[in-house]
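Asks: whatever this is, show me its structure:
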Amino acid sequence: MSINTNKTVPFTDVASDFMKAIKISDNIKSSYIDFTATDFASLRTSLIEYIRAIYPVDYNNFIESDLGIMLVELVSYMGAIMSMKADMLAHENFIHTAKDRESVRKLFQLVGVSMKGPTSAQAIAKLTMPDDSSTVLDKAIELDAENRVVVVTSPEDGEPLTYTIYKAIDGVVSPLDDYNADLEITAANYTPGVENSWDVVLLEGAFATESGTFSQLDTFKSISLENSPVIQNSVQVFLESSDIATSGAFRQVEDLYQASSSSDKMFQVIYDDQFKAKIIFGNGTNGVSPTNNSDYIVTYRVGGGDRGNVPDGYINTLIAGTYDTADASFRLEQTQIATGGADAETIDHAKKYGPLAFKRQDRIVSLDDYATFASRFVSPAGTTGKATVVARKAYSSANIIDLYILEKASSLQLQKASISFKNALLTAISEKKLITDDVVISDGLIRTLDLIVTVNIDRRFQGVESTLVTKVSNVIKDYFLSDNMDFGDSISFASLNRVIFGIEEVKFSTIDNFEEELISVDFNEIIQLNNTVINVNYV
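Replies: Numbering: from 1, shown residues only. From the prediction side, this is the model:
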């Protein structure tokens, strides 16, 4: 009998037997996974080691040009992205690491702290009668609601800007002035025989009015305003109901849980990331809950931001009204630069003062409480400020609190606080402070800074350096934003240069008009950027 030695039994050669011998069962494959791999390089290395361990014979071509390696790197790429996304989402759950505005807003909302919306600019102006300027104007004038509105073009972006005329008494906006009604200015607002004009205040913002009826289906009553952005502190709410306890004007509070009883007529305004506003009311325990089928009227202003800070004399126009009951024409002329307009509260500002506001718990006890309250205070006219505070230490004067305050003129600059701002702040503090504390409000000091900066760039950017200069200017302005500067903060030019180095085209930069590397100020002083000159040097 002959044996054919050329025949082989299928799948029984040495290679196939070896593969069977090293096969790893599915239930232990997870032990070969490196779960600590998160970045591209570690994921790529871990995948290759996994393939070598699980499929040592199936695949062993690990050169860069192989299709298998391309697939490994694609999977590593996606894994790195997913890992980074997971880290970012985890960071958004904590105040100190959150970077997204919506995340920060929602985290503070959980503890009853609201991020501030945009504030409106205001300016002093005067009304005169061009046709009768030589006559003593000793009668009252009246402006219809529609004639109180002035629309100009913003010098910043070319878009419309709306200003509203208010009464002014010594430059202070009348707190009883309803911006949705006719305005009457009496002879008491000027000096007869000396000034043939009436002083008024211009507040930036367009009128908006909404009305409706509360539904029976809503357990917790709320109103979503249609127009945006809603200017901070501009919302007014009036309810009409058969129940006297829930009728009348409601007042705005920062947190509804500040209500001490079920009879407090109050509401809270919550902003979203586009600064649309939602009004929420009490639940019957913390504040009044509006009754079903009751009617509401909401008035508010829309606008705000830096774009409203127009220069002196920018607004100069004729408006119609009545003088001594007769139709007349008046010239409205802006006499001071518009200030106070600022964009909504920044994330950094909220992260700094939000935890302190929560810690304050609607009362003022410690020095931090005073500084936090004053730095987050919004005046009736919608302006904000920045404060620092110290307690006197001489014998029995320890309960005297010195509060140094500056009012925000724009997102970049601060200014001396107005009398109306100080009075409003002092009134608000008196409702929260200990009765034994005596608060003295003083002006903080501003130290202006002029900079001459030289940036060194590659010669290949010659001809487009204007774009680069704009980048450098914006970076410097952001560095000196009023929210980024605090009382007593020193300026390190090395730190400023590091920020400028962050611009890719800049090789290095120098500050030419200062020999020292550090500028220090006193505890009640704050450094503010004045003028900047940027020179370009090619290397």
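
Asks: what about the strands in the stretch 1-150 of the chain?
Replies: For the stretch 1-150 of the chain, the strands defined by DSSP state E, counting those that start in this stretch cover 122-128, 141-143, 149-153.

Asks: brain fart, the stretch 201-350 of the chain
Replies: According to DSSP E, counting those that start in this stretch, the strands that the stretch 201-350 of the chain contains are 206-213, 222-224, 236-240, 248-252, 266-271, 277-281, 295-302, 316-323, 326-334.

Asks: pLDDT weak spots in the chain?
Replies: 1-23, 130-138, 168-181, 186-196, 258-260, 394-397 (pLDDT under 70).

Asks: tell me how far the residue nearest to the spatial centre of it lies from T384.
Replies: A centroid search over the chain (C-alpha atoms, centre = their mean) returns E345, at 2.0 Å, as the residue closest to the centre. If you measure E345 against T384 using C-beta to C-beta, to the nearest Å, the figure is 8 Å. (Glycine included, C-beta is placed from N, CA and C.)

Asks: so what's in contact with these two at the same time?
Replies: The contact sets of E345 and T384 overlap at K116 (C-beta atoms under 8 Å, 6 or more residues apart in numbering).

Asks: just to revisit the earlier point, quick check: closest non-adjacent residue to the residue nearest to the centre of the chain.
Replies: K116 (3.9 Å; C-beta to C-beta, 6 or more residues apart in numbering).

Asks: what about that neighbour, how many residues nearby?
Replies: 22 (other C-beta atoms under 10 Å).

Asks: pretty sure it contacts G382?
Replies: No: look at K116 against G382 with C-beta atoms under 8 Å: they stay out of range, at 10.0 Å.

Asks: I446 pairs with what?
Replies: Following DSSP bridges, I446 is listed with bridge partners I526.

Asks: from the chain's centre, how far out is stretch 157-164? Work that out for me.
Replies: Centroid displacement of stretch 157-164 relative to its chain, using C-alpha atoms, centre = their mean, to the nearest Å, is 20 Å.

Asks: circling back to that earlier point, rebuild the strands of the stretch 1-150 of the chain as a markdown table, extending it with mean neighbour count and distance to F373.
Replies: As requested, the strands of the stretch 1-150 of the chain are arranged in a markdown table below (neighbours: other C-beta atoms under 10 Å; distance: least, C-beta to C-beta, whole Å):
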| stretch | mean neighbour count | distance to F373 |
| --- | --- | --- |
| strand 122-128 | 22 | 22 |
| strand 141-143 | 19 | 36 |
| strand 149-153 | 15 | 34 |
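
Asks: any chance of CSV for those strands, columns distance to F275?
Replies: As requested, the strands of the stretch 1-150 of the chain are exported to CSV (distance: least, C-beta to C-beta, whole Å):
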stretch, distance to F275
strand 122-128, 19
strand 141-143, 29
strand 149-153, 21
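
Asks: so which of these comes closest to S442?
Replies: Among these, strand 122-128 comes nearest to S442, with 22.8 Å by C-beta to C-beta.

Asks: what angle sits between that closest one and strand 326-334?
Replies: Orientation check (axes from the mean of the first three to the mean of the last three C-alpha atoms, to 10 degrees): strand 122-128 against strand 326-334 gives 140 degrees.

Asks: now do the contacts for G382.
Replies: T119, S120, Q122, L203, I231, Q232, N233, S234, G304, G340.

Asks: what number of residues lie near S379?
Replies: When neighbours are counted by other C-beta under 10 Å, S379 comes out with 24.

Asks: likewise for S473?
Replies: 13.

Asks: I figured it hits V533, correct?
Replies: No: applying C-beta under 8 Å as the test, S473 and V533 come out as separate, 10.0 Å apart.

Asks: is the residue nearest to G212 when sequence neighbours are not counted bridged to anything, and to what?
Replies: Leaving aside its sequence neighbours, G212 sits nearest to Y296 (C-beta to C-beta, 6+ apart; 6.0 Å). Note on Y296: beta-bridge partners by DSSP bridges are G212, L239.

Asks: tell me the contacts of Y296?
Replies: Neighbouring residues of Y296 by C-beta under 8 Å, 6+ apart: S211, G212, T213, F214, I223, V237, F238, L239, E240, P290.

Asks: from T213, how far out is it?
Replies: Distance, Y296 to T213, using C-beta to C-beta: 7 Å.

Asks: returning to that earlier point: show the contacting residues for the residue nearest to E345.
Replies: Q232, A344, E345, A350, R376, V378, T384.

Asks: CSV for those, including distance to A328?
Replies: Output for those, formatted as CSV (distance: C-beta to C-beta, whole Å):
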residue, distance to A328
Q232, 35
A344, 40
E345, 43
A350, 48
R376, 44
V378, 36
T384, 37
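
Asks: okay, and which of these map to helices?
Replies: A350, R376 (DSSP state H).

Asks: which one (most neighbours) among the contacts of K116?
Replies: Among the contacts of K116, the one with the most neighbours (other C-beta under 10 Å) is Q232, at 27 neighbours.

Asks: show me the contacts for the residue lying closest to T383 once chain neighbours are set aside.
Replies: Nearest residue to T383, sequence neighbours excluded (C-beta to C-beta, 6+ apart): G340, at 4.2 Å. By C-beta under 8 Å, 6+ apart, G340 lies in contact with T119, S120, A121, Q122, N309, A381, G382, T383, E407, K408, A409, S410.

Asks: who wins for most neighbours among those residues?
Replies: In terms of neighbour count, T119 stands highest of the contacts of G340 at 32 neighbours, by other C-beta under 10 Å.

Asks: thought G68 was touching Y55?
Replies: No: counting by C-beta under 8 Å, Y55 is not a contact partner of G68; they are 10.1 Å apart.

Asks: give me the number of residues near Q216?
Replies: If we define neighbours as other C-beta under 10 Å, then Q216 has 9 of them.

Asks: actually R251, not the one I typed
Replies: Neighbour tally, R251, other C-beta under 10 Å: 10.

Asks: ok, the closest residue to it other than its chain neighbours to V151 distance?
Replies: Sequence neighbours aside, M266 is the residue nearest to R251 in space, at 5.4 Å (criterion: C-beta to C-beta, 6+ apart). Applying C-beta to C-beta, the value for M266 to V151 is 33 Å.
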